[in-house]
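**Student:** got a sequence here, can you model it:
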Amino acid sequence: MSSRSVAVVTLGCARNEVDSEELAGRLSAQGWTLVDDAAAADVAVINTCGFVEQAKKDSIDALLEANDLKDSGRTQAVVAVGCLAERYGQQLADQLPEADAVLGFDSYQDMSSHLTAILAGEKVASHVPGDRRKLLPLSPVDRQGSSVATPGHGDISEPSDVSVESPVAAPRVIRARLDGRPWAPLKIASGCDRRCAFCAIPMFRGAFVSRRPSDVLAEARWLGQHDVRELFLVSENSTSYGKDLGDLRLLDTMLPELVAVEGISRVRVSYLQPAEIRPDLLDVMTNTPGVVPYFDISFQHASGPLLRRMRRFGDSESFLGLLEQVRSRSPQAGVRSNVIVGFPGETEDDVAVLADFLTQARLDVTGVFGYSDEDGTEAETYGAKLPQDEVDDRVEHIRALVEELNHQRAAERIGETVEVLIEQVEDEETGEVEIRGRAGQQGPDVDGETVLNWPEADALPKIGDLVTARVIDTIGIDWVAEPTS
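**Tutor:** A predicted model of the protein is given here:
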């Protein structure tokens, strides 16, 4: 049993990272040895992304690269899981024979048996999409049995102080940390009930399902015990949390409890729908110590008519009003968003409205995506499609504008005092001291970072420390800061 090894390779979003760590925890509990390098594993499990065309290509490339390891490494099998596998199932298996199996979300709980069968030379049936409402959310917490100690990276442990509800059995956390970062994503819900014309997520992630607060808190406690200092709350739509449980204020009441978890220093909320952001939620997010001043708001565009065509709400005026509500409560708040350009029927006037909105909005970071058809979506059936070269030109135009605006916004931060979570103390390649982290206004991976000019006479900080610093310069969207004490 212990000689079997597996590497879980994750592509896509932070929600996929949670799924990968649940898979790793389950496999470790079943005797698998977790390794970081797919070349050193008997089985490479590729957790794919199926969101947009580029993500699909990246996932296919990762599967092909893992298959090449069969000729040069220890790898005997390559298994596709995740959103691409869930979305296309047998179709993906037919087109990609390099994958030894294509397994959907409903295979995760029994993944060990599937991998064992594959190594034994058995053919495992490819995934057939099912009722996602019944199968989601995937949760690294269950209530069956008692605490189990596991080898290697894996850990199934039973928190001793779960008190939000009174369940029949105490929740067990089934998750294995796959990195040493001082932050971790924590999934609060899965799926989405919105029907944006361009988005396929509900097709493979299903209807919106909130996790129970007690399970979220149990996992938060587990993460706090495993060197996590920042919780990054993730879902397809965090502002809908609790609606299917009968209480849209559940996030408001849960945030203070998450901040109070032992070991946790701060909590970050991601993916807020502008049409669903309530003043009460803003009050909690801006008045609760430990909840960082960070607002990840999904605008997608600013032209009202085009947003209706996208099956979304809002317009430039309402979005600017929302930003004013945020900044009146938290003047130093960090705000990031994404926008789509080149949507079918988008006019030059729509692009001008978007550009004007972005100029006034003063967002810290903006992701710009060019529209492309997604299988099965409403927008795929629309007329008035723009030529690809026109889409590309508009993307280039808005990206250039955004780059300049984001650099200007970063420069406005000079002089501000921020709290930085230390994530790197030395350069991995040179070993030289290089202290980097993220301020509360900076989300993981995509929102820039803060470089600290550390006094030579002071003892170096440790990864996971929180340091108060003053911003003194910028490098693009990154900030340069010096400790204030």
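
**Student:** name the nearest residue to Val395, sequence neighbours excluded.
**Tutor:** Gly370 (4.2 Å; Cβ to Cβ, 6 or more residues apart in numbering). Bear in mind the C-beta positions are built from the backbone N, C-alpha and C, glycine included.

**Student:** just the pLDDT for the one you found.
**Tutor:** Looking at Gly370, its pLDDT is 96.

**Student:** can you get me a residue count around it?
**Tutor:** Gly370: 22 surrounding residues under other Cβ atoms under 10 Å.

**Student:** ditto for the one 10 residues further on
**Tutor:** Glu380 is surrounded by 15 other residues when neighbours are defined as other Cβ under 10 Å.

**Student:** list the contacts of it.
**Tutor:** 373-374 (Cβ atoms under 8 Å, 6 or more residues apart in numbering).

**Student:** ok, now how distant is the closest residue in space to Asp447 that isn't next to it in sequence from Val335?
**Tutor:** Sequence neighbours aside, Val365 is the residue nearest to Asp447 in space, at 4.8 Å (criterion: Cβ to Cβ, 6+ apart). For Val365, the distance to Val335 equals 8 Å [Cβ to Cβ, to the nearest Å].

**Student:** then Val480 would be within a strand, right?
**Tutor:** Yes: judged by DSSP: H, G, I helix; E, B strand; the rest coil, Val480 forms part of a strand.

**Student:** list the beta-bridge partners for it.
**Tutor:** Under DSSP bridges, the beta-bridge partners of Val480 are Val451, Asp473.

**Student:** any idea of the pLDDT on it?
**Tutor:** Note for Val480: predicted pLDDT of 98.

**Student:** what do you get for Gly152?
**Tutor:** 34.

**Student:** same thing with the one 4 residues further on?
**Tutor:** At Ile156, the predicted lDDT confidence score is 39.

**Student:** again with Leu358
**Tutor:** You'll see Leu358 listed with a pLDDT of 98.

**Student:** contact partners of the helix or strand hosting Val467?
**Tutor:** Secondary structure assignment for Val467, by DSSP states H and E: strand 466-475. Contacts of strand 466-475 from elsewhere in the structure, counted by Cβ under 8 Å, 6+ apart, are 229, 265-266, 407, 410-411, 413-422, 437, 439, 450-453, 461, 479-485.

**Student:** care to break the protein down by domain?
**Tutor:** What automatic domain parsing lists as the domains of the chain is 5-130, 160-412, 417-483.

**Student:** give me the number of residues near Asp315?
**Tutor:** Asp315, neighbours per other Cβ under 10 Å, totals 18.

**Student:** could you number the chain from 548 rather than 1 from now on?
**Tutor:** New numbering, starting at 548: the last item is Asp862.

**Student:** what's near enough to touch it?
**Tutor:** By Cβ under 8 Å, 6+ apart, the neighbours of Asp862 are 849-851, 854.

**Student:** look up the pLDDT of the nearest residue in space to Thr906 that is not next to it in sequence for me, please.
**Tutor:** Leaving out its chain neighbours, the residue that sits closest to Thr906 by Cβ to Cβ, 6+ apart is Leu952, at 6.4 Å. Listed pLDDT for Leu952 reads 98.

**Student:** the stretch 698-847 of the chain: helices as residue ranges?
**Tutor:** 748-752, 760-771, 797-806, 826-834 (DSSP state H, counting those that start in this stretch).

**Student:** check the stretch 848-997 of the chain too.
**Tutor:** 851-856, 863-876, 895-908, 935-959.

**Student:** could you check how far Gln955 is from Ala908?
**Tutor:** Counting by Cβ to Cβ, the gap from Gln955 to Ala908 is 12 Å.
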